[in-house]
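Peer 1: sequence unknown, structure follows:
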């Protein structure tokens, strides 16, 4: 189980698609909305994906940490998390060895702003 969760390669897309269909049944509403929100968390070291000196709202300052962008669905029946991605700061895509060591998939190595 630890290998599966921590470092084994697996395709998360089927799990996400199942989750999305399950969200639509109990929570789906014509006026429901998707909400995207970043959340930063302090973290030390250099090897975790996306780690850099960046704004950490939890601390109220720029510090060493990671940022995740969360996608949620909200309707009058309730909210739920539907997906997330770790944000890669601008310097990361330029460091191939670092991306390889962190296990960042080829398809996700380009720089994008948080909004993209």
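Peer 2: Looks like it came in fine. Only a predicted model underlies this, so the values are computations on that prediction, with no experimental measurement involved. Residues are numbered from 1 along each chain as shown.
Peer 1: secondary structure class for the nearest residue to residue 112 once chain neighbours are set aside?
Peer 2: Spatial nearest neighbour of residue 112, chain neighbours left out: residue 88 (7.6 Å); criterion: C-beta to C-beta, 6 or more residues apart in numbering. Just so you know, the C-beta spots here come from the backbone N, C-alpha and C atoms, and that holds for glycine as well. Under DSSP: H, G, I helix; E, B strand; the rest coil, residue 88 falls in the coil class.
Peer 1: so where's the longest strand in this protein?
Peer 2: strand 61-75 (DSSP state E).
Peer 1: who does that strand touch, helix- and strand-wise?
Peer 2: Here strand 61-75 touches helix 13-27, strand 33-42, strand 52-56, strand 78-86, going by 3 or more C-beta pairs under 8 Å, 6 or more residues apart in numbering; DSSP states H and E.
Peer 1: ok, now which ones touch the most centrally placed residue in the chain?
Peer 2: In the chain, the residue lying closest to the centroid (C-alpha atoms, centre = their mean) is residue 85, at 1.8 Å. If a contact means C-beta atoms under 8 Å, 6 or more residues apart in numbering, then residue 85 has 68-69, 108 as its contacts.
Peer 1: flag the shaky bits of this structure, pLDDT-wise.
Peer 2: 1, 4-7 (pLDDT under 70).
Peer 1: which element is the residue of the chain most remote from its centre on?
Peer 2: Ranked by distance from the centre of the chain (C-alpha atoms, centre = their mean), the top residue is residue 30, with 26.4 Å. Under DSSP states H and E, no helix or strand contains residue 30.
Peer 1: from residue 13, how far off is it?
Peer 2: 27 Å (C-beta to C-beta, to the nearest Å).
Peer 1: try residue 32
Peer 2: Distance of residue 32 to residue 13, given as C-beta to C-beta: 22 Å.
Peer 1: just to revisit the earlier point, buried ones among the contacts of residue 85?
Peer 2: Those of the contacts of residue 85 that meet the buried threshold are residue 69, by 16 or more other C-beta atoms under 10 Å.
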